[in-house]
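Q: Just need the structure, nothing else, for what follows:
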Amino acid sequence: MCVESTPPPPSRLTRRGVLAGAAALAGTSAVLAAASPPASAATGAAGHSPARGGDLVVEGGTLLDPATGEVTEDAVVVIVGGVVRSAGRRGRTGPGAPAGTPVLRAHGRWILPGLIDAHIHLNTAAEARDAVRKGATSARSGSTGFYQDIAVRELARQAPERAPRLRAAGVFVTPDLGDTILADPDLAPLARLREGVRSPEALRRVVEVNLARGVDTVKTRVNERAGLPEQDPLAQVYDVDQLSEIVAAARRGGKGVLCHSYSEQGCHDAVTAGIRSLEHGAFVGERTLHAMRRKGTYFTPTLTAIAGLAESSDPILAERGRTYLPVLKRAVLAAHELGVPLAAGTDSSGGTVDPIGREVELMRSAGLSALDAIRTATTGAARLLGLDGSVGRLARGFAGDVLVVDGDPLADVTVLARPVRVVRAGLAV
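A: Alright, predicted model coming up:
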């Protein structure tokens, strides 16, 4: 979980980046405080407009609207230019499609909006395509080692059928950057810090470099990792003051923070610091859940990743997964009952992409109703990503992202992990 291992792409070199690298070789931490902010980077490819989506009619299936729970039989969804023009019962949908528009027949099947994976690590084009094929037409990155998610975000704009629309998180704000120090020349001054990325100046620097690269959100941690047997997931790596520094720096750039967390105290410190969403959060306590409800902090439990630990061949990880999963399921149900907003995320990484439908299935097994579990990967996750006006439903003006499944997801949510067809921006995948 949360492991990125792909090599860096060719880097963008700037005069300021070269100077920063030279400063690191001379290096003291004072250089960090005196250094000017990192050079800004464009958020999209210069001179390239996003590709137009496709035209498609999906007809004959049973349409589910996660927002209302309404079920419409013999439905027709008309997508023009990648956007829903109309959706509803046949004969009552309003404007039709241009002549010659391809038709996807869904008779006997169910039609839903494409799902959202709110925590995934997409390091390659193959992983991005696999995520879409398995139903995630939108996603939020949980960080990458060398800004691959920035490139995946642009790939999604230019070739929608090859990648989910993505909120990019850039590189992890973590004490030990490892090889990520090579991700951007403006990170070079951090190389000589004996204590790693811990001082206010160092924490701000990593956030600022991320912002300059054009991230949509910032990722940090409060605990060590669960997916490495030599680490203790309950050991805390940042305190509330350090987390507050990260949150404040991100907010100055207009961005929120998602925070990797496990221990009760770590979760509480992260929420107190003002994070936007709590990730994993196995041992989140009642006091923290109440604070999350008050603050509107989201909970992305990544049940799929924790369940995956239980199947590990490593005995330490297997025991950890078996211990954490029931605790986390209880936390998910408690959060839901309190009104804490939930978002589905698989934490897929390392070349393996788990279907986001599996996370919905685990939400259901935690005690949510089928509809509420589906909402964690549609309307709920859409609000977390700031996309609630464009994804998570099939209604006029929303993205033409469609999942066709072979069964009633309200009766059996497991069908979501096995989509029959996926449509991304009106383009069949």
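Q: Hmm, I306 and E359 touching each other?
A: No. Between E359 and I306 there is no contact under C-beta atoms under 8 Å: 10.6 Å. C-beta here means a position set from N, CA and C on the backbone, and glycine is covered the same way.
Q: so which helix or strand takes in the residue nearest the centre of the chain?
A: Computing the C-alpha centroid of the chain and ranking residues by C-alpha atoms, centre = their mean puts R140 first, at 2.3 Å. R140 is part of strand 136-141, with elements assigned from DSSP states H and E.
Q: For the following helix or strand past that strand, which helices and strands make contact with it?
A: Downstream of strand 136-141, the next assigned helix or strand under DSSP H and E is helix 148-158. Under the contact definition 3 or more C-beta pairs under 8 Å, 6 or more residues apart in numbering; DSSP states H and E, helix 148-158 sits against helix 125-133, strand 165-167.
Q: Would you format those as CSV with mean pLDDT included?
A: Below are the helices and strands packed on helix 148-158 laid out as CSV (pLDDT from 0 to 100):
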stretch, mean pLDDT
helix 125-133, 98
strand 165-167, 98
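Q: just the ones you listed: most buried one?
A: strand 165-167 (a mean of 25; mean count of other C-beta atoms under 10 Å).
Q: Just checking: what are the partner strands of it?
A: strand 136-141 (parallel) (DSSP bridges).
Q: Any idea how far the partner strand is from the middle of the chain?
A: Using C-alpha atoms, centre = their mean, to the nearest Å, the mean C-alpha position of strand 136-141 is found 6 Å from that of the whole chain.
Q: by how many degrees do it and helix 125-133 diverge?
A: Inter-element angle recorded for strand 136-141 and helix 125-133: 130 degrees (by axes from the mean of the first three to the mean of the last three C-alpha atoms, to 10 degrees).
Q: Mind listing residues that contact strand 136-141?
A: The contact list for strand 136-141 (C-beta atoms under 8 Å, 6 or more residues apart in numbering) reads 113-122, 131, 149, 152, 164-170, 216-217, 219, 258, 345, 355-356, 381-382, 384-385, 387, 391, 399, 401, 403, 422-424.
Q: Take those residues and keep only those in helices.
A: Counting by DSSP state H, those place A131, D149, V152, I356, A381, A382, L384, L385 in helices.
Q: Now list the buried members of these.
A: Buried members of the ones in helices among the contacts of strand 136-141, counted by 16 or more other C-beta atoms under 10 Å: A131, D149, V152, I356, A381, A382, L384, L385.
Q: Relative to Y324, which of those is nearest.
A: Set against Y324, the nearest of these by C-beta to C-beta is I356 (20.3 Å).
Q: pLDDT weak spots in the chain?
A: Within the chain, the ranges that satisfy pLDDT under 70 run 1-48, 93-95.
Q: So for E359 and I306, which sits in the more crowded spot?
A: Neighbour count, other C-beta atoms under 10 Å: between E359 and I306, E359 has more, with 34 against 27.
Q: you'd agree the more buried one is in a helix?
A: Yes. E359 sits within a helix when classified using DSSP: H, G, I helix; E, B strand; the rest coil.
Q: Report the spatially nearest residue to it, omitting neighbours in sequence.
A: Spatial nearest neighbour of E359, excluding adjacent residues (C-beta to C-beta, 6 or more residues apart in numbering): A344 at 4.3 Å.
Q: ok, the one you found to A151 distance?
A: Per C-beta to C-beta, to the nearest Å, A344 is found 24 Å from A151.
Q: Among those two, which residue is more densely surrounded?
A: Neighbours were tallied for A344 and for A151 using other C-beta under 10 Å; the higher tally belongs to A344 (32 against 21).
Q: Verify the stated contact: the more buried one with L115.
A: Yes. When contacts are counted by C-beta under 8 Å, A344 is listed as touching L115 (7.5 Å).
Q: which neighbours do those two share?
A: By C-beta under 8 Å, 6+ apart, the residues touching both A344 and L115 are I356, V360, A377.
Q: quick one, what contacts the first one?
A: By C-beta under 8 Å, 6+ apart, the residues touching I356 are 115-117, 131, 134-136, 344-346, 377, 416-417.
Q: again, only this time at 7 Å
A: By C-beta atoms under 7 Å, 6 or more residues apart in numbering, the contact list for I356 reads L115, D117, K134, G135, A136, A344, T346, A377.
Q: any idea what sits nearest the fifth one, other than its immediate chain neighbours?
A: The reference is to A136. Nearest in space to A136, with sequence neighbours left out and distances taken as C-beta to C-beta, 6+ apart, is D117 at 4.0 Å.
Q: give me the beta-bridge partners of the one you found?
A: Where D117 sits in a bridge, its partners, by DSSP bridges, are A139.
Q: looking at the helices and strands packed on helix 148-158, which is closest to P409?
A: helix 125-133 (18.1 Å).
Q: List the contacts of that closest one.
A: 117, 120, 122, 139, 152, 155, 161-164, 351, 353, 422, 424, 429.
Q: Looking at strand pairing, list the partners for L403.
A: The partner residues for L403, given DSSP bridges, come to L112, V422.
Q: quick one: contacts for it?
A: Contacts of L403 (C-beta under 7 Å, 6+ apart): L112, P113, G114, L115, G135, P419, V422.
Q: pretty sure the fifth one is touching P419, no?
A: Right, G135. Yes. With contact defined as C-beta atoms under 7 Å, G135 reaches P419; the gap is 4.8 Å.
Q: In terms of packing, which of these two has more residues around it?
A: G135 (27 against 24).
Q: For that one, what are phi and psi?
A: In terms of degrees, to the nearest 10, the main-chain angles of G135 are phi 110, psi -10.
Q: Touching, the residue nearest to E359 and A377? I think so.
A: Yes. Using C-beta under 7 Å, A344 is in contact with A377, at 3.9 Å.
Q: Now for those two: what residues contact both?
A: With C-beta under 7 Å, 6+ apart, A344 and A377 have common neighbours I356, E359, V360.
Q: of all those residues, which comes closest to V340?
A: Using C-beta to C-beta, those come closest to V340 at E359, 16.6 Å.
Q: Enumerate every residue touching that closest one.
A: Applying C-beta under 7 Å, 6+ apart, we find E359 in contact with L303, T304, A344, G345, T346, A377.
Q: can you pick the most crowded of the residues you listed?
A: Neighbour counts for the contacts of E359 (other C-beta under 10 Å) peak at A377, which has 34 neighbours.
Q: Dihedrals phi and psi, that one?
A: phi -110, psi 10.
Q: wait, isn't it in contact with P113?
A: No. The criterion here is C-beta under 7 Å, and A377 misses it with P113 at 9.4 Å.
Q: So E230 belongs to a strand, correct?
A: No. Under three-state DSSP, E230 sits outside any strand and is assigned coil.
Q: Right, I'll leave it there.
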